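Visitor: let's see this in three dimensions:
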Amino acid sequence: MCIRNLTGVRTLPDTAAARLAYAGAFIKNNAPAPRSMNLAPEAPTVAAVSVTDMRERIRRKSRLKGRQPEDAAMADVAQLLGPRPATGFRRDLLIEYLHRLNDHFGVLHDRHLVALAQQMNRPMAEVYEVASFYHHFEIVRGEDAQAPRLVLRVCDSLSCSLAGARELLAALPERLRAAGQADVQVVAVPCVGRCEQAPVAVVHQCPVPHATVDTVLEVVESKPKRALARHPQALIAINFDVAALAEKSVPVPPGEVSPAHADLVTYRAQGGYQTAAALVNGEMDAEAVLAAMENSGLRGLGGAGFPAGRKWRIVRDQPAPRLMAVNIDEGEPGTFKDRTYLERDPHRFLEGVLIAAQVVGTEAVYIYLRDEYHGCRALLQAALDDLRAEPPCPLPHIELRRGAGAYICGEESAMIESIEGKRGEPRMRPPYIAQVGLFGRPTLEHNFETLYWVRDIVEKGPEWFAGFGRHGRKGLRSFSVSGRVKHPGVKLAPAGITVQELIDEYCGGMLDGHQLYAYLPGGASGGILPAHLNHIPLDFDTLQPYGCFIGSAAVIVLSQHDSARDAALNVMRFFEHESCGQCTPCRVGTAKAAALMEAPVWDADLLDDLAQVMADASICGLGQAAPNPIRCIHKYFPHEVGEGPWPGDLPKPRNSPLAEQLPPGGKP
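Guide: Now for the predicted structure:
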């Protein structure tokens with residue numbers, strides 16, 4: 001029935017009868033008919049569907065996927081968030097909204113997270129990933145989940161451990177049960193920033209300095225619920241002149257948690273805000289202020305040590321709009337200087353903020369304060385309210401942001417991520433924060449204490465600040481001293497002082513029955529040095545040849561009754577707990593190192609290899625600096641871990657986890 005043309009190609013028949021027969025053969029053999037024949041296919045048989053079935057199908061398809069918010073939860077969230085702004089709830093305030101829920105309910109219920117996501121018009125996964133990142137947010141599921149009546153936090157970082165925190169943690173649960181307080185939850189937490197008052201417990205938000213089982217029970221009984229267990233506030237106003245304390249100790253009455261402070265009236269009566277007002281009103285030259293900052297030698301006092309004046313120039317040269325971010329996430333174990341100054345003199349810091357904002361030309365300022373400082377937060381918010389009510393000059397936009405328990409947010413880019421309402425994970429560089437920082441704008445990032453000194457340097461002259469110093473160093477340093485000394489606290493000493501001079505002249509010597517055995521010159525990440533190196537000047541760049549650095553100048557003193565190996569293990573566990581988990585060398589390396597360091601005899605080769613990988617491959621300074629204590633034990637205390645003498649010199653240490661990074665050409 002088919003014919004072939006001269007080329008041998010098969011073609012269709014050319015008669016009607018032949019074409020019909022050909023199509024029938026195709027149908028019979030289940031072969032599709034050629035498209036050119038336009039034969040309609042047989043209609044398929046469709047089962048009858050009832051109206052009820054059709055309605056159910058439509059209803060099922062119209063349902064939204066995922067968990068939907070409950071009406072009661074939506075009402076709870078709406079009440080705590082307040083009226084909805086015309087432009088919607090801000091994405092960067094997510095952590096602040098989570099705090100409102102957590103403060104009110106004691107925990108974060110999953111139903112409220114769903115409602116919050118709906119209110120903010122954000123994916124539930126986005127809200128959950130932020131809430132689950134921060135230690136101070138506990139997410140609970142189910143209708144029956146309840147918050148504990150009180151949470152009792154006991155610091156187990158190094159200074160508190162030396163003072164008996166482990167014994168306190170072991171004894172408290174049983175004593176609470178015996179006292180009928182079994183519904184109080186006891187939690188071990190990292191440093192709460194009160195190392196000079198070790199051991200420290202915190203009943204909800206109320207700190208208990210020099211805590212014992214009896215004093216903790218007394219606070220629990222007197223403040224039986226969250227609404228009562230607040231940080232007490234000082235009502236006394238004083239004139240706090242920090243310049244008068246140069247080369248002295250900041251006085252701290254025993255057991256004090258709410259010292260008297262300088263309010264706005266007192267501060268302005270002593271000339272406060274006159275410099276900021278003169279600068280903003282054009283009565284003072286910004287270039288002269290910038291020159292004073294450069295000539296003073298003031299460097300970043302959060303751990304990095306970058307020259308402050310040079311940083312101002314770098315950011316000022318970037319295109320507008322520019323922003324400022326202030327870091328008061330003082331989480332380095334052993335550090336409490338920022339809190340000490342802030343709770344006594346908040347307006348001196350705020351004047352430094354105004355001066356820096358005017359010189360650099362920043363349009364808005366974001367102050368990031370660690371969540372553990374409840375008293376400081378209330379004090380600083382009140383100071384801002386007073387300043388706005390009676391401004392000495394036009395003010396930039398200033399927002400106070402609250403951390404949520406993450407040490408890594410002391411790293412500049414992680415802090416900026418947190419201010420933007422995200423997980424506090426460090427960014428890769430470049431671009432640098434000075435170029436692309438907060439909300440994608442050039443950002444001046446500073447530590448609290450750096451700005452705290454600005455007013456005095458401008459008014460007294462750069463020579464005043466640079467005139468202090470010992471052993472060839474210049475400037476003042478606020479040392480947070482804790483451990484086995486008679487008088488711990490903040491010591492405003494000359495840069496370059498040695499640890500022995502610091503102990504003898506400022507701390508009243510070692511505790512009775514104790515002799516200097518070792519010390520940490522720069523907090524948890526700054527390394528550990530033996531007593532025979534008590535002559536090294538304490539300042540930027542002086543400790544690196546010994547495998548250490550000064551960081552935030554947190555000095556923790558150990559005696560012959562302590563073990564340097566145990567101190568190194570304590571800080572490594574801290575790093576394991578505080579690793580953000582973003583990069584494998586830090587996330588896995590800190591956990592593996594802590595496990596290896598528990599052995600009475602260390603595997604030196606394996607630990608050294610691990611330290612090298614962590615230092616070389618971690619994204620940020622936490623993983624890079626975490627191996628410093630390991631290497632110091634290898635070098636200076638090999639007898640404690642069953643090793644022989646360490647050959648050669650230590651590698652140059654990585655900088656503080658809180659170190660700032662600036663674009664090429666901006667290095668000191």
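Visitor: can you tell me the closest non-neighbouring residue to residue 108?
Guide: Distances taken as C-beta to C-beta, 6 or more residues apart in numbering place residue 139 nearest to residue 108, at 4.8 Å, with adjacent residues excluded. In short, each C-beta sits where N, CA and C put it, glycine included.
Visitor: report pLDDT for that neighbour.
Guide: We have a pLDDT of 97 for residue 139.
Visitor: just give me the residue closest to the centre of the chain.
Guide: Residue closest to the mean C-alpha point of the chain, counted by C-alpha atoms, centre = their mean, is residue 409 at 2.2 Å.
Visitor: what's the spacing between it and residue 370?
Guide: Residue 409 sits 8 Å away from residue 370, going by C-beta to C-beta, to the nearest Å.
Visitor: try residue 634
Guide: Residue 634 sits 33 Å away from residue 370, going by C-beta to C-beta.
Visitor: looking at those two, which one has more neighbours?
Guide: residue 370 (25 against 22; other C-beta atoms under 10 Å).
Visitor: domain-wise, how is the chain divided?
Guide: Following automatic domain parsing, one finds the domains of the chain at 2-48, 71-140, 150-228, 242-460, 483-489+496-641.
Visitor: now render those as JSON lines, adding distance to residue 475.
Guide: Below are the domains of the chain laid out as JSON lines (distance: least, C-beta to C-beta, whole Å):
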{"stretch": "domain 2-48", "distance to residue 475": "88"}
{"stretch": "domain 71-140", "distance to residue 475": "35"}
{"stretch": "domain 150-228", "distance to residue 475": "23"}
{"stretch": "domain 242-460", "distance to residue 475": "5"}
{"stretch": "domain 483-489+496-641", "distance to residue 475": "8"}
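Visitor: between those, which gets nearest to residue 474?
Guide: For residue 474, the closest of the domains of the chain is domain 242-460, at 5.1 Å, according to C-beta to C-beta.
Visitor: could you count how many residues lie near residue 349?
Guide: 24.
Visitor: that one: which element?
Guide: Element membership for residue 349, per DSSP states H and E: helix 346-360.
Visitor: what does residue 234 give?
Guide: Residue-wise, residue 234 maps onto no helix or strand under DSSP H and E.
Visitor: ok so, going back, relative to residue 469, which of the domains of the chain is closest?
Guide: Evaluated over the domains of the chain, closeness to residue 469 peaks at domain 483-489+496-641, with 5.3 Å, by C-beta to C-beta.
Visitor: the closest one: end-to-end distance?
Guide: 23 Å (C-alpha to C-alpha, to the nearest Å).
Visitor: just how off-centre is it within its chain?
Guide: Remark: domain 483-489+496-641 is offset 20 Å from the chain centroid, using C-alpha atoms, centre = their mean, to the nearest Å.
Visitor: is it true that residue 518 touches residue 533?
Guide: No. With contact defined as C-beta atoms under 8 Å, residue 518 does not count as touching residue 533 (9.3 Å).
Visitor: now do the shared contacts for the two.
Guide: Common contact partners of residue 518 and residue 533 (C-beta atoms under 8 Å, 6 or more residues apart in numbering): residue 636.
Visitor: the two: which is more packed in?
Guide: When neighbours are counted by other C-beta under 10 Å, residue 518 comes out ahead of the other of residue 518 and residue 533, with 27 against 17.
Visitor: thanks a lot, catch you later.
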